[in-house]
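In: Fold the stuff below for me.
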Amino acid sequence: MINLRLSIMMFLQFFIWGGWFVTLGTYLANTLSASGGQIGMAFSTQSWGAIIAPFIVGLIADRYFNAERILGVLHLCGALLMYTMYQADDFTAFYPAVLGYMIAYMPTLALVNSVAFGQMNNPSKEFGKVRVWGTIGWIVAGLMISYVFSWDSAASIADGMLRNTFLLCAIASFGLGVYAFTLPATPPKAKGQKTGLRDVIGLDALGLLKDRNFLVFFLSSVLICIPLAFYYQNANPFLTEIGVENATGKMTLGQVSEVLFMLALPIFLNRFGIKATLLIGMAAWVLRYLLFAFGNADEALFMLIVGIALHGICYDFFFVSGQIYTDAKAQESTKSAAQGLITLATYGVGMLVGFAIAGLITDKYTALAGNHQWQDIWLFPAGFAAVVLIIFLLMFKSEKVQTDA
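Out: Model (predicted):
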C-alpha cells in the first residue's frame, strides 16, 4: 500500500515537469515571441534551480523539517508560480515566475527520493518499481498534450492554446502539494548535525579530480551537457516548426527508450566496461543530432523518430553509467559528496553554459522572418559532441571498476 502511495507521488512529480518543460521552447517562440537568447535564459532556470537545490535540501530539509512537509510547501508555491506563468503576456513577466518556479521545483527531485527511501525496507529492490511511475507520468503528460487536447497542433499553437499546459501543471502541482502532507513522516536525518557549505556542494569529493581518468570523465560530463541543452531547448520547437504532427506525444518515445535501455545498461557495463559504455553514450549524441540535421517531416520522418528514440542510450549510457562510475571511484565516506559534485557540475554549470550557447546558436541561424536554419543549428551540437567523444577516447585510459551493475 505504501509503495502505491509513493508511486502516485512519483507520477505527479514528473507529470508536472513533463507537462510544460518539453513544449516550453515552442510556447516562448510562438506565443511570447521570445528570441533564442531569451529562450535559453528560460531553460537555464533549471540550472539555477539545480545550483540552489543542494542548499535547500542540505542546509534546511536534512536538518530542520520533515521531507514530505517541505515537498508539500514547495509544490504549493510552485502551483502559484505556475499559474503566474500561465497568465504572463510577455517574456518580461514570464521570466521571474519561471525562475522562481525552478528554484522551488528542483529541490523536490531530491525530496521525493528522500520520502521514498525513508519508507522502504529494501530500497535497492523497491525503488526502481516506484521511480518508473515518474517516467510514466512524464509520458502521460506528453500524450495528453498531443493526443487528448492537441495543444501542440499548428492551429492550437497559433491560437495560444499551448498556454494551457501551465494551467494543467498548476493544478497538478497544487494536487501534489496537498497530497504530500498525507504521506508518512520522513524526519530530517541530519537533525542536530553540523552541515556546512563544503558538505552541501560536495567539496569533500574534490580529491577524486587528482585521478586522471576521473578528471577526464568529469570535464567530459560538463562539456557533453552543452549538446544536451540543445535537445531540451530546441527539439520540440524544431519538430513543430517543420510540421511533425503530435510532436510532444512522439517525443515521449524518448522516455520509453530510457526505461528500456536502463534495463540493458547493466549488461553493457559488465560485458564491455565503463569506457566503452560512456563512448556509446557520447556517440549516440552525435548520431542523434545528425539525424535531426538531415531528417524531415515527410519521407525522412523515420530519421527524426530514431533520433528521439536514441534518448535512452544518450542519457542512460552516459549520465546514469557516469553516476555508477562516480560511486565506484569514491570512497565510502565521500560517495554522497561525489554525486553532489557531479550533479552540480553537469545540471548546474554544464547546462547553464549549454543553454546560453544554444540560445546564441539558435539566434545566429534564425532568419528575420523567424524561420530557423535547423540543419546548421543541429550540426553544431553534433560536431561539439564528436569533439568531446574524441578527447575522451584518447585521454581516458581503460580501467576495470566494480560497478555493481
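
In: contacts and neighbour counts: CA atoms only from here.
Out: Fine.

In: helix or strand for the closest residue to Ile171 other than its chain neighbours, which one?
Out: Counting by Cα to Cα, 6 or more residues apart in numbering, Ile171 lies nearest to Ala79, which is 6.7 Å off, once chain neighbours are set aside. Assigned by DSSP states H and E, Ala79 falls within helix 67-87.

In: sec struct for Ser150, please.
Out: Taken by DSSP: H, G, I helix; E, B strand; the rest coil, the conformation at Ser150 corresponds to coil.

In: how deep is it tucked in, by neighbour count?
Out: Other residues near Ser150 come to 21 when the count uses other Cα atoms under 10 Å.

In: The closest residue to Tyr86 other than its chain neighbours: how many residues sit nearby?
Out: Nearest non-adjacent residue to Tyr86, counting by Cα to Cα, 6+ apart: Phe166, 5.1 Å away. For Phe166, the count of nearby residues is 23 (other Cα under 10 Å).

In: Same question for Val148.
Out: For Val148, using other Cα under 10 Å, the count is 11.

In: For Ala141, see how far away it is.
Out: Distance from Val148 to Ala141, counting by Cα to Cα, to the nearest Å: 10 Å.

In: same deal with Cys77?
Out: For Cys77, the distance to Ala141 - Cα to Cα - is 21 Å.

In: Compare those two (neighbour count), which wins?
Out: Of the pair Cys77 and Ala141, Ala141 is the one with more neighbours under other Cα under 10 Å, namely 27 against 18.

In: Only alpha carbons, please: show the helix or strand hosting the more buried one as CSV.
Out: Assignment of secondary structure by DSSP H and E places Ala141 within helix 123-143. Taking Å, rounded to 0.1, in the frame of the first residue of the first chain, the C-alpha atoms of helix 123-143 are listed here in CSV:
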residue,chain,number,x,y,z
PRO,A,123,15.3,0.4,-1.4
SER,A,124,17.6,-1.4,-3.8
LYS,A,125,14.7,-3.7,-4.8
GLU,A,126,11.8,-1.4,-4.2
PHE,A,127,12.9,2.0,-5.5
GLY,A,128,13.0,1.1,-9.2
LYS,A,129,9.4,-0.1,-9.2
VAL,A,130,8.3,3.2,-7.7
ARG,A,131,10.6,5.5,-9.7
VAL,A,132,9.4,4.1,-13.0
TRP,A,133,6.0,5.7,-12.3
GLY,A,134,7.7,9.1,-12.6
THR,A,135,8.7,8.2,-16.2
ILE,A,136,5.2,7.0,-16.9
GLY,A,137,3.9,10.4,-15.5
TRP,A,138,6.2,12.3,-18.0
ILE,A,139,4.9,10.1,-20.8
VAL,A,140,1.3,10.5,-19.9
ALA,A,141,1.7,14.3,-19.8
GLY,A,142,3.1,14.4,-23.4
LEU,A,143,0.4,12.0,-24.7
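
In: Can you list the low-confidence ranges for the stretch 101-250 of the chain?
Out: Applying pLDDT under 70 to the predicted model, the residue ranges of the stretch 101-250 of the chain that meet it are 124, 189-204.

In: now the helices: where do they sit in it?
Out: For the stretch 101-250 of the chain, applying DSSP state H, counting those that start in this stretch gives helices covering 123-143, 154-158, 164-180, 197-200, 212-241, 247-251.

In: which ones are touching the residue nearest to Ile171?
Out: The contact partners of Ala79, by Cα atoms under 8 Å, 6 or more residues apart in numbering, come to Cys169, Ala170, Ile171, Ala172, Ser173, Phe174.

In: if we go to 10 Å?
Out: Ala79 makes contact with 16, 73, 85, 101, 166-177, according to Cα atoms under 10 Å, 6 or more residues apart in numbering.

In: what does Trp20 give?
Out: Counted by Cα under 10 Å, 6+ apart, Trp20 has contacts 27, 82, 138, 141-142, 145, 162-170.

In: Closest one to Val256 out of those residues, please.
Out: Closest to Val256 out of these is Trp138 (9.9 Å), distances taken as Cα to Cα.

In: Can you verify my assumption that the closest one contacts Thr252?
Out: Yes. Counting by Cα atoms under 10 Å, Trp138 touches Thr252, with 7.6 Å between them.

In: Mutual contacts of these two, please.
Out: Joint contacts of Trp138 and Thr252 (Cα under 10 Å, 6+ apart) are Gly18, Val22.

In: Done for today, thanks.
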